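Engineer: Show me the folded form of this:
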Amino acid sequence: MSMAKILTGISRFRDDYQDKRDLFERVATRGQSPEVLFIGCSDSRVPPEIITSAEPGDLFVLRVLGNIVPPYGTGEMAIGAVVEYALLELPVEHIIVCGHTDCGAIWALDQHPDWIHASHLARWIEHARPAQSKVEASGLTDSEQHLAMVRENVLLQLEHLRSYDLVRQREREGNVVLHGWVYHLETGEVEAYSQRQDVWQAIGTESGS
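Structural biologist: Residues are numbered from 1 along each chain as shown. Take a look at the predicted model:
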């Protein structure tokens, strides 16, 4: 998308703003009270609001490379600040970690990033490395491994979330529910992990909705 197209889009948004003026004025004057923190990838093909048909004020969104949540105590304060704000100030009732197919961060695990020229990237994706190690030990074929790593990375980041005392406490009290999702770029399907059944199920089906 070119910069010219972005500027044209802003002009078009002004028309949309007028069409939905009541909505925008409401969220501007009443503040925000989203029930969901959506943690997704920075990938430009994975827009949370479009995938979920959400409107302004519906989602509190964190987008970061590989939908990675570094464990508590790693010194990555920005992610922790978002989580704490979501739980203490809003407070949200659900946290979704959403991965996606063809994820560049997952592919990068195989490409040995340059620790000299891409040190931030190299360090960041190490927070997903255990997912790769688990899948590689599973005996899956090469063609099956990418989706398996995307899924396993979502589950890993959910566990990283639980390393935060506040998340564990709210989950234990029943005040927040954690969800693992994967968005399939090729089909538009979103699947969710069922911890009770230990399976991934398409959302919208009788068992996965």
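Engineer: got the buried residues for the helix or strand residue 26 falls within?
Structural biologist: Per DSSP states H and E, residue 26 falls inside helix 21-30. Buried residues in helix 21-30, counting neighbours by 16 or more other Cβ atoms under 10 Å, are found at residue 24. C-beta: built from backbone N, CA, C; applies to glycine.
Engineer: Give me the distance between that helix and the centre of its chain.
Structural biologist: 26 Å (Cα atoms, centre = their mean, to the nearest Å).
Engineer: what residues does it touch?
Structural biologist: 17, 55-57 (Cβ atoms under 8 Å, 6 or more residues apart in numbering).
Engineer: Domain-wise, how is the protein divided?
Structural biologist: Using automatic domain parsing, the domain ranges for the chain come out as 1-31, 33-202.
Engineer: to the chain's geometric centre, what's the distance from the first one?
Structural biologist: Pointing back at domain 1-31 there. Chain-centre distance of domain 1-31: 24 Å, with Cα atoms, centre = their mean.
Engineer: Could you do the last one as well?
Structural biologist: With Cα atoms, centre = their mean as the basis, the distance from the averaged C-alpha position of domain 33-202 to the chain average is 4 Å.
Engineer: That one spans what distance, first to last residue?
Structural biologist: Taking Cα to Cα, to the nearest Å, domain 33-202 runs 28 Å from one end to the other.
Engineer: what mean pLDDT does that domain have?
Structural biologist: The pLDDT scores in domain 33-202 average 96.
Engineer: The lengthiest helix in the chain: which residues count as buried?
Structural biologist: Assignment by DSSP state H gives helix 142-161 as the longest helix of the chain. By neighbour count on 16+ other Cβ under 10 Å, the buried set for helix 142-161 is 145-158, 160-161.
Engineer: Pull the most distant pair out of the residues you listed.
Structural biologist: Greatest spatial distance in the buried residues of helix 142-161: 145 and 161, 24.2 Å, computed using Cβ to Cβ.
Engineer: how about the strands in this protein?
Structural biologist: 36-40, 59-63, 94-100, 177-183, 190-194, 199-202 (DSSP state E).
Engineer: Show the secondary-structure elements that the last one is packed against.
Structural biologist: The one in question is strand 199-202. Helices and strands touching strand 199-202, by 3 or more Cβ pairs under 8 Å, 6 or more residues apart in numbering; DSSP states H and E, are strand 190-194.
Engineer: show me what contacts residue 98?
Structural biologist: By Cβ under 8 Å, 6+ apart, residue 98 lies in contact with 38-41, 46, 48, 51, 67, 154, 181-183, 190.
Engineer: Who is it paired with across the strands?
Structural biologist: For residue 98, the beta-bridge partners under DSSP bridges are residue 40, residue 181.
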